[in-house]
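# Quick one, what's the 3D model for this:
(chains A and B)
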Amino acid sequence: MAGPSPLLEDLDVDIIADECQDSQCIPDGMEEVVDCCMSSSGAEADFDRMVGALEDIITDADFEEAQTSFCAAHCAVFEDSDENKLEYMELFQQYVDVLDGVIAARLAEALPDLPLHDFLHQLSEHGEAEGDVFDFLMTLCDFQAFKDLMLSYKQQAAGAVPSLQLLVQPMPLLTDEDASGDARPDLDTHLQISPIRRQLAALT
Amino acid sequence: MGLLTIIKKVKQKEKEMRLLMVGLDNAGKTTIVKRINGEDTSTISPTLGFNIKTMQYKNFRLNIWDVGGQKTLRAYWRNYYEQTDGMIWVVDSSDLRRLDDCRAELHGLLKEEKLAGASLLIFANKQDITGALRPEQIAKVLQLDLMDGSRHWKIVGCSAVGGDGLLTGFDWIVSDIGTRIFMHE
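From the prediction side, this is the model:
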């Protein structure tokens, strides 16, 4: 993102701009100006509420159910080869539409006072889409990720043996940290966010 | 436009470009992609679906979508227009019999609203075959001068088998898109 955001343009920041036109200098008053514009912005707070609501939606059972049932209905079409069937693309577009529909409906339910299109406008204007929620949503509209999900779902549905290897993962109870007297397993290294894994687990 | 589409647009890496390879069947689209990616080109069969190839080219990450060109498949091309930064129209310059068909399909594509801002590279392929028309001649037959004045386009002669001209073409389209994207930033 380049250039000042519309939010900042509205504020009186002319003085600062004049003082440090071609240099990296930060005038003494800078911090105060930034603080005040952050706290005075209702739009910012609304944006955060939206992101919070999105977080809830993508982790709830309804959303997963929508995703899983789509996979179950269509995974048979997919084959593990480099060349893709034209059908995949049409299914991918349907998939994005279905999930988009679920998200929009649930957002409207959760935050009836915040119209979705304002949020979308803000999102595309500011180009701010940092964080886990957006990373996750991004994987939902990536074709390759979609194809991989379908293939792993199909493999799982067929009860193929290799897929069990994904589920049966030995959990080392003894770790390096034992040496220093800490007997607890280091669970951090086993935590990961993966939609595929969630679905595989849901099937068992 | 839904949330996911917008997020994709916002998050799409700055240095990523989406290219769409189109043209009649047997023009050499898949061969060009494989050749530029350094893959074996000796056993290529007609594409009935589509291929996606991601590769690093200069400072950019190219996402190349190569869609089959047979007549029955052309109706599906529209599924691939979204977010296309550049299209590469490949012509078999030795297939004189089908150049009319080629012109009609190309001009149809140029009317697509979703492709309005996309740069257009035309590869006059198969220059190694005797009797192939030269790029200037192809430009005339395809009536490229009738294109909307705002369209960024270029025609380059090439041989997918020999590799000649491919880099010239890719250099042009990548830098044209690059300049355009930076100007908007």
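
# now for the host helix or strand of B:D100, which elements pack on it?
In the assignment (DSSP states H and E), B:D100 maps to helix B:99-110. For helix B:99-110, the contact count by 3 or more CB pairs under 8 Å, 6 or more residues apart in numbering or on different chains; DSSP states H and E identifies strand B:86-92, helix B:135-141 as packing neighbours. Yep, even glycine has a C-beta here, placed from its N, CA and C like the rest.

# helices and strands around the helix or strand harbouring B:T30, which ones?
Using DSSP H and E, the secondary-structure element containing B:T30 is helix B:29-36. The helices and strands touching helix B:29-36, judged by 3+ CB pairs under 8 Å, 6+ apart, are strand B:16-22, strand B:50-57, strand B:60-67, strand B:86-92, helix B:166-184.

# For chain A, give me the ranges with low pLDDT.
Regions of chain A meeting the criterion pLDDT under 70 cover residues A:1-41, A:127-128, A:160-204.

# now swap in chain B and tell me
Scanning chain B for pLDDT under 70 picks out B:1, B:12-14, B:182-185.

# For the residue of it found nearest chain A, which non-adjacent residue is spatially closest?
Taking CB to the nearest CB, chain A has its nearest neighbour within chain B at B:G2, 3.5 Å off. Closest residue to B:G2 apart from its sequence neighbours, by CB to CB, 6 or more residues apart in numbering or on different chains: A:D100 at 3.5 Å.

# B:S93 too?
For B:S93, ignoring the flanking residues on the chain, the nearest one in space by CB to CB, 6+ apart is B:A132 at 4.0 Å.

# if I read this right, the one you found contacts B:K126, doesn't it?
Yes - distance between B:A132 and B:K126: 5.3 Å, which falls inside the contact criterion (CB atoms under 8 Å).

# Between those two, which contacts overlap?
Common contacts of B:A132 and B:K126, defined by CB atoms under 8 Å, 6 or more residues apart in numbering or on different chains, comprise B:93-94.

# Tell me which of those two has more neighbours.
When B:A132 and B:K126 are compared for neighbours, B:K126 comes out ahead with 25 against 21, by other CB atoms under 10 Å in any protein chain shown.

# Quick check: the gap between the more buried one and B:A27.
If you measure B:K126 against B:A27 using CB to CB, to the nearest Å, the figure is 8 Å.

# what's the overlap in contacts for those two?
Any residue near both B:K126 and B:A27 by CB under 8 Å, 6+ apart counts here, and that gives B:92, B:95.

# How about B:L121, nearest residue that isn't a chain neighbour?
Here the nearest residue to B:L121 in space, its sequence neighbours aside, is B:I173; by CB to CB, 6+ apart that works out to 4.3 Å.

# one step back: identify the residues contacting the residue of chain B closest to chain A.
B:G2 touches A:96-97, A:100-101, A:103-104, counting by CB under 8 Å, 6+ apart.

# beta partners of the spatially most central residue of chain B?
Averaging the C-alpha coordinates of chain B gives a centre point, and the residue nearest to it by CA atoms, centre = their mean is B:I88 (1.2 Å). With DSSP bridges applied, B:I88 shows beta-bridge pairing to B:M21, B:L121.

# Distance check, it against A:F143.
Between B:I88 and A:F143 the distance, using CB to CB, works out to 19 Å.
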